[in-house]
Every structure is written in structure tokens, then in C-alpha cells.
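Trainee: When you get a sec, could you give me coordinates for this:
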Amino acid sequence: MSIGLLGYKIGMTQLFDPSGNAIPVTLLKIGPCIITQIKTIPNEGYNSIQIGYQDLPYKLLNQPQLGHLQKSNLPPLKYLKEFHIKNPTEFKIGQLLTTDLFEEGQTISIRGKSIGKGFSGLQKRHNFRRGPMTHGSKNHRAPGSIGMGTTPGRVLPRKRMAGQLGNQYTQIKNLFIFQINSKENIIVVKGSVPGKPGNLLSIHSVE
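Mentor: Numbers count the residues shown, from 1 in each chain. Below you'll find the predicted structure:
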């Protein structure tokens with residue numbers, strides 16, 4: 001994994017290319033992020049950097065969290081995330097990372113939590129077909145059989161059934177960067193990204 005940034009989703013809109021085609025895009029507010037820790041193979045057994053994002057009041061962090069940041073003379077930060085890198089000597093603690101890490105035309109991967117849809121049935125969650133709606137059928141959206149009888153006499157693991165849908169971390173790869181506004185720290189990517197507006201996202205370039 002290459003170095004990345006944290007940010008949140010602003011929303012979706014559309015832009016037009018020179019040919020007049022409407023392109024659906026998502027606006028992302030990315031960074032700036034601060035490097036809070038550098039991990040190396042001699043000390044921790046692997047190379048990575050930890051970045052922090054979004055200031056918040058001191059009273060909202062506990063003592064271990066505050067001590068970790070104050071050890072490096074850093075302000076209290078709401079989110080921390082590690083990115084594995086090959087050469088940690090290129091970075092230093094307290095360094096500010098912005099959208100300058102990316103460039104227009106580049107492809108990136110975005111990871112975030114998808115929109116939660118609550119307890120959902122088989123048709124919505126697993127694309128099952130429904131039963132007949134007429135001719136006396138009483139099986140419209142019922143699950144039907146969930147296994148055999150005496151043998152094995154139980155429901156097998158990973159049986160597709162109704163349950164919680166969404167609200168899980170998912171990643172979308174190879175999203176095209178359409179525009180970058182370095183002053184406002186805004187990136188415009190082609191297509192959609194996980195979650196609703198205001199959702200925390202992790203963005204890193206595709207190697």
C-alpha cells in the first residue's frame with residue numbers, strides 16, 4: 001500500500017467533458033493530515049507511517065490518546081490511520097500531507113463504510129426471486145427451505161438469509177481523479193464512493 005490521506009465525502013454532482021457528455025462525479029474534502037508516528041523495521045518490525053486527521057478539543061480524548069500525540073508535540077486529532085510504505089526515511093513527524101500527493105488523471109482507491117440499510121430480506125439482500133403472486137400461492141417473499149432434514153439436521157454455515165445489509169467497510173478501486181482544487185483541499189473523482197455525505201474515507205493511490 002502507498003501513502004494515503006483521510007477525508008470525507010461532500011456529495012455528488014455532474015460535470016461535462018469537452019464533447020458535452022455528462023459525467024457523474026463525487027466531491028471529496030481531503031486532508032490536510034499530519035504524520036503522527038513513523039514505524040520502521042528495526043523498531044516495530046515493519047515500515048509504515050501513521051497519520052492523523054481532524055482537530056478536536058482535548059477533553060474528547062482519553063489520557064493514552066493524548067499522551068501518544070503530546071509525545072510528539074502534536075494537537076489532539078480525531079482519526080488516526082496507518083499506511084504501509086517502503087521508505088519511511090522520506091517523512092518526518094509533524095509533516096503536513098495535502099492533496100499535492102495526487103494529480104489529475106491519476107487512479108486511486110477509496111475505502112469507507114457503506115450506507116446502512118437495516119434488516120433486509122432475501123430479495124433485497126441477496127437478489128433472490130420471489131414466489132408466485134397469484135393462483136393461491138402464499139409464498140411471496142418467504143425464505144423457503146433452509147436445509148436438509150435428518151442429515152445433516154442443521155443449517156449449514158454461511159447460509160444466505162435475511163439480516164443486516166450495508167454499514168460495512170468496502171473499497172472501490174481505480175477511481176479516476178477528474179479535478180483537484182489544492183486551495184480548498186477538494187478532489188473530484190469520477191463515479192461514486194462508499195457511504196453518505198460526511199462519511200469518513202481513506203484514499204490512497206493505486207500502485
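Trainee: Can you say which helix or strand has residue 196 in it?
Mentor: Residue 196 belongs to no helix or strand when elements are defined using DSSP states H and E.
Trainee: err, residue 26, not the other one
Mentor: Using DSSP H and E, residue 26 falls within strand 22-30.
Trainee: Could you list the residues in contact with that strand?
Mentor: When contacts are defined by Cβ atoms under 8 Å, 6 or more residues apart in numbering, strand 22-30 is touched by residues 5-17, 98-99, 110, 178, 184-193, 201, 203. Every C-beta, even on glycine, is put in place using the N, C-alpha and C of the backbone.
Trainee: Same question for stretch 171-185.
Mentor: Stretch 171-185 is contacted from outside by 7, 15, 23, 25, 29-32, 98-100, 102-111, 186-194, 206, using Cβ under 8 Å, 6+ apart.
Trainee: quick one: which of the residues you listed sit in strands?
Mentor: Among the contacts of stretch 171-185, DSSP state E puts 7, 15, 23, 25, 29-30, 107-111, 186-190 in strands.
Trainee: Residues in a beta bridge with residue 205, which ones?
Mentor: Beta-bridge pairing of residue 205 under DSSP bridges involves residue 108.
Trainee: before we move on, back to that, which pair in the ones in strands among the contacts of stretch 171-185 spans the largest distance?
Mentor: Spatial extent of the ones in strands among the contacts of stretch 171-185 (Cβ to Cβ) is set by the pair 15 and 111 at 23.8 Å.
Trainee: Neighbour count for those two, which is higher?
Mentor: A side-by-side neighbour count of residue 15 and residue 111, using other Cβ atoms under 10 Å, places residue 111 first with 18 against 13.
Trainee: wait, isn't residue 4 in contact with residue 82?
Mentor: No: applying Cβ atoms under 8 Å, one finds residue 4 not in contact with residue 82, separated by 10.0 Å.
Trainee: Which one's more surrounded, those two?
Mentor: More crowded of residue 4 and residue 82, by other Cβ under 10 Å: residue 4, with 26 against 14.
Trainee: Residue 66: which element?
Mentor: For residue 66, the element it lies in under DSSP H and E is helix 63-70.
Trainee: Report all helices and strands that the helix or strand just after that helix contacts.
Mentor: Once the chain leaves helix 63-70, the next helix or strand it forms, by DSSP H and E, is strand 77-84. Packing contacts for strand 77-84, counted by 3 or more Cβ pairs under 8 Å, 6 or more residues apart in numbering; DSSP states H and E, involve strand 4-16, strand 33-39, strand 48-55, strand 200-205.
Trainee: Apply 6 Å and report the result again.
Mentor: Applying 3 or more Cβ pairs under 6 Å, 6 or more residues apart in numbering; DSSP states H and E, one finds that strand 77-84 contacts strand 4-16, strand 48-55.
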